[in-house]
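Colleague: okay, predicted coordinates and the sequence, questions at the end:
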Amino acid sequence: MSSQRQSLLQGTALRRLLVEQRGAVAAILGLAIIPLFAVVGLAIDTGRGYMLKSKLSYAIDAAGLAGGRAFDTELREEDIAMFFEANFPTNYMGSELLPGHPVVVFNEEENTITIEASATIPTHFMGVAGVHEMTVSARTVIQRELRGMELVLVMDNTGSMRNNGGMAAMKPAATKLINFLYGDRETVPNFWVAVVPYAANVNIGDQHTDWLIQQAFDADAAWQNADPDSETQFGYHADHYQPTTWKGCIEEREFPRDSNDDTPDDEGWYPFLWRTTLRNFENPYWPYDEDDYVVVVHQNPYTTPSNVIYTQGAPSPSQSTPTVVIYDDANRATWGRWLNGDNVWDPDGLESALKLDNDLYQNEGTGPNLGCGPAITPLVASKTTVLAAIDEMAPWHRGGTMANVGLAWGWRVLSPRWRGLWDGDLPEELPLDYAEPNMEKVIILLTDGNNEWYDYPGISWNPSPNPPSENHFSGIPGTNAYPGTNGTTFRTTWPGADYTAYGRLSEGRLGTTSTGAANNILDERMLDMCETMKAQGIIMYTMTFGPSPDAGTQQLYRDCATEPDMYFHAPTGTALQQAFVTIADELSKLRIAE
């Protein structure tokens, strides 16, 4: 074979071989592209699954945190659903939730919310391998944790809380806060709550007579001195309160001990004693001798008991029937021998004659404890005890508003200097030291008005010749003066503004008898206390409610708060409840446990 033919045959064989090899490669590639396509599709569809899982996780976390904030309300399931739907839109990435999802489980004992959600998503590429959809699941556990805490509610119990809806709003709001923080548990580890109601004084509890200045019985103690400049205070003796007993309110110590946490060992307190004004303010216009038999009536006949206002003397051989006087607002000579003053009760009479029912008599109440509200409930662990203390609160009339006094006792409830002094089930190590690790001391302070003295206006009358309306039950605050133009006879004997933890304004225990100056002093002392307490690490939340707190009071409470956003002004009951919910939310930590 020639070399030329041989070369031709070799070239033909080589070309045949190359063609055969190309076909083999194509076949191999054709077989390999199927699993390669599946791998690429798996990566893409898996990525979509991860995106879906991330969205599900975010949605159930947001829903769980919302449910945690509403844990103790009827809205918790509704809130969870709303937040889940807001964060996981319908048909997200073509997905569909499994029936009944998300599944929510509340564990009241462990204080947790468990949420699980599963959804299916169609595949785009994995269908080549026979996988047409994926199921993706997410799970979260929300743990609601309460900080270790000593919490004190310092709540306004003044009479104005009745008329403006304050008490009707405050008690449910405070109850809601406690229910939020406790949940269904009766106690929470390292959590204690106290309640300090205040008006123009504070009730420390009638069991604490050992905190009082004591003295021997004084027959004059219960009788108001007609001299408005009297500064007399009486130490504790049980018989000073006849025909009733000391309820537990005290008169504040002199500055600075009215505004600090000094204990009874440093200095005791005088018990609160609103002395009677019975037969202390004589009417100089009464024309009859004290031995004359006279009956003052609204109308005849005087033999009808409901017509009788005042009786002087008794039948005698020389006067068997009384002189009957028809009461006339415009005629001072018809008022009787005595002007009533502002708290008429008889120390020698019967307890049943006292007007002790606060809800019934309100401003018309009488007795040595007039204006004294419910006692302090010191730090306790029991939810039931705290709720009972909140329920016991009520509007207590007379005296005024002295939030600085309430705040001082809120501080004393928390102060480690008072360890071992408070009674009840308080562990011997409480109150804890300031800056105790993992523990906080918190006060919530609420008022519906300004710090001020109140002067009950009594009964109006219009004496001739036509001066402005006046009253003959109490004087103008701070002036000790009988109002109006009827001469000076009354002016030197009138008791002045109501009796409070600082006595009467006329006594000048604050260093002034001026209403405005005295109210400013109360504000200043309160603000100074707030600053001292905050420096000790006490967390301060403050609230004002309704239309009465003026701009100055609102600023005072804002300055008292630990931070400006920890002050709340609530013009309505609804706003007040929301403020308590916000505080409860801040006091409880929500964390994602799983």
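Modeller: That came in fine, so what should we check first?
Colleague: and residue 44, helix, strand or coil?
Modeller: At residue 44 the chain is in helix, as set by DSSP: H, G, I helix; E, B strand; the rest coil.
Colleague: I'd guessed it sits against residue 124; true?
Modeller: Yes. Between residue 44 and residue 124 a contact is recorded at 6.4 Å, counting by Cβ atoms under 8 Å. All C-beta spots, glycine's among them, are computed from the backbone N, C-alpha and C.
Colleague: so who does the nearest residue in space to residue 187 that is not next to it in sequence touch?
Modeller: Taking Cβ to Cβ, 6 or more residues apart in numbering, and ignoring the residues beside it in sequence, residue 187 has residue 381 as its nearest neighbour in space, at 4.5 Å. Contacts here follow Cβ atoms under 8 Å, 6 or more residues apart in numbering; on that basis residue 381 touches 187, 188, 191, 192, 425.
Colleague: name the SS class of the fourth one, please.
Modeller: By that I understand residue 192. Under three-state DSSP, residue 192 comes out as strand.
Colleague: cool, and the second one?
Modeller: Using three-state DSSP, the structure places residue 188 in coil.
Colleague: how near is it to residue 151?
Modeller: 11 Å (Cβ to Cβ, to the nearest Å).
Colleague: do the first one as well
Modeller: When distances are taken as Cβ to Cβ, residue 187 and residue 151 turn out to be 14 Å apart.
Colleague: higher neighbour count, these two?
Modeller: Applying other Cβ atoms under 10 Å to residue 187 and residue 151 shows that residue 151 carries more neighbours, namely 26 against 13.
Colleague: and that one, that one's in a strand?
Modeller: Yes. Secondary structure of residue 151 (three-state DSSP): part of a strand.
Colleague: going forward can the numbers begin at 21, since that is how I track them
Modeller: Understood, numbering begins at 21; the last thing we discussed is residue 171.
Colleague: report the beta-bridge partner residues of residue 463.
Modeller: residue 172, residue 560 (DSSP bridges).
Colleague: go ahead and confirm it touches residue 556.
Modeller: No. Applying Cβ under 8 Å, one finds residue 463 not in contact with residue 556, separated by 11.1 Å.
Colleague: more crowded one of these two?
Modeller: Between residue 463 and residue 556, counted using other Cβ under 10 Å, residue 463 has the larger neighbour count: 27 against 15.
Colleague: which ones are touching that one?
Modeller: 171, 172, 174, 427, 430, 431, 434, 553, 558, 559, 560, 561.
Colleague: redo these as CSV? Include distance to residue 352 and pLDDT.
Modeller: Below are those laid out as CSV (distance: Cβ to Cβ, whole Å; pLDDT from 0 to 100):
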residue, distance to residue 352, pLDDT
171, 55, 97
172, 50, 98
174, 45, 98
427, 44, 98
430, 47, 98
431, 49, 98
434, 53, 98
553, 52, 98
558, 55, 98
559, 57, 97
560, 52, 98
561, 52, 98
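Colleague: and which of the residues you listed is nearest residue 589?
Modeller: Within the contacts of residue 463, distances to residue 589 taken as Cβ to Cβ reach their minimum at residue 561, with 12.6 Å.
Colleague: what's the burial count for that closest one?
Modeller: 25.
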